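> please work out how this folds:
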Amino acid sequence: MVKNISNLGDAAVYCDFGSEVNEKINANVIDYFHHISKLIKDKKIEGIINLTPSYNKLIVNFDLSITNYKKIKNFIEGLTISRDIKDNNQKIKIPVCCDDEYGLDFLRLTKKLNIDKDKILELYFGKEYFCYMTGFIAGMPFLGDVNKGIRCDRLETPRVKVPKGSVAITEQFTNIYTFESPGGWNIIGNTPKKVFDQLNLLDPTLIKPGNKVIFYQISKEEYLDWNE
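Residues are numbered from 1 along each chain as shown. So this is what the prediction gives:
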């Protein structure tokens, strides 16, 4: 449930679900996001122009010419939210090639963590990940929670260009770079799977908040032969 609702500038509401980052709190954020989105689509609420979910917050932007903070706050406080089982139970499998030319930061990780590459891969691939949010670049999923044995801080100097498809870890999270971009996460591999399709106007994002993700390792030959 929402713990606190406050103003965010003149035309936005800041919904705070708690200070922790965990699956339970984020599931509440996602439930509110889906529920309000449906009410907007069904025209049961007027004036809301954008919803932005994050790990434990939801920002609701509204049109001041149609509504105001008090109306939106009362609306949110009066909601009865039900869990979206379909979205939260969907599991997506992502292939990853971890050959040295794709796993750019294994040398750094083995030194920082004091374990070898095989152990890092064992701990990384041995679990299921939860999508907390997407953002930074279009369709990039922020997934948790990485095994405590391989959690590591960001690069001291971020890369100017991270290759598209790079799979990386930082602290409790792992992500996939959907486009070439700057970035400071520890890169452990690359996926040939298209995670964001800008030509698919109706549903461009493969991994959505609330989805579960399972990574599995593939060889370089499988990576090069991948064809979607």
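> SS state for residue 27?
helix (DSSP: H, G, I helix; E, B strand; the rest coil).
> number of nearby residues for it?
Residues lying near residue 27 (other C-beta atoms under 10 Å) number 19. Bear in mind the C-beta positions are built from the backbone N, C-alpha and C, glycine included.
> before we move on, what about the one 10 residues further on?
Each residue near residue 37 was counted by other C-beta under 10 Å, and the total is 13.
> again, but for residue 64
Residue 64: 10 neighbours (other C-beta under 10 Å).
> residue 48 is in contact with that one, correct?
No. In this structure residue 64 lies outside contact range of residue 48 using C-beta atoms under 8 Å: 11.8 Å.
> tell me, what's touching the two both at once?
Shared contacts of residue 64 and residue 48 (C-beta atoms under 8 Å, 6 or more residues apart in numbering): none.
> distance of the most far-flung residue of the chain relative to its centre from residue 45?
Distance from the centre of the chain peaks at residue 65, with 32.6 Å (C-alpha atoms, centre = their mean). Distance, residue 65 to residue 45, using C-beta to C-beta, to the nearest Å: 15 Å.
> does the residue farthest from the centre of the chain sit in a helix, a strand or a coil?
Following three-state DSSP, residue 65 is assigned to coil.
> same check on residue 224?
Per three-state DSSP, residue 224 ends up helix.
> where in this structure is pLDDT low?
83-89 (pLDDT under 70).
> ok, residue 143 to residue 92 distance?
10 Å.
> and those two? which has more neighbours close in?
Neighbours were counted for residue 143 and for residue 92 using other C-beta under 10 Å; residue 143 has more, 25 against 17.
> so what's that one bridging to?
residue 131, residue 174 (DSSP bridges).
> please report phi then psi for residue 153.
Here is the backbone geometry of residue 153 (degrees, to the nearest 10): phi -70, psi 170.
> isn't it up against residue 170?
Yes. Using C-beta under 8 Å, residue 153 makes contact with residue 170 at a distance of 6.9 Å.
> of those two, who's got more company?
Between residue 153 and residue 170, counted using other C-beta under 10 Å, the more crowded position is residue 170 (18 against 11).
> how about the nearest residue to the more buried one, chain neighbours excluded?
Excluding the flanking residues, the one nearest residue 170 by C-beta to C-beta, 6 or more residues apart in numbering is residue 185, at 4.5 Å.
> tell me which helix or strand residue 60 sits in.
Per DSSP states H and E, residue 60 falls inside strand 57-62.
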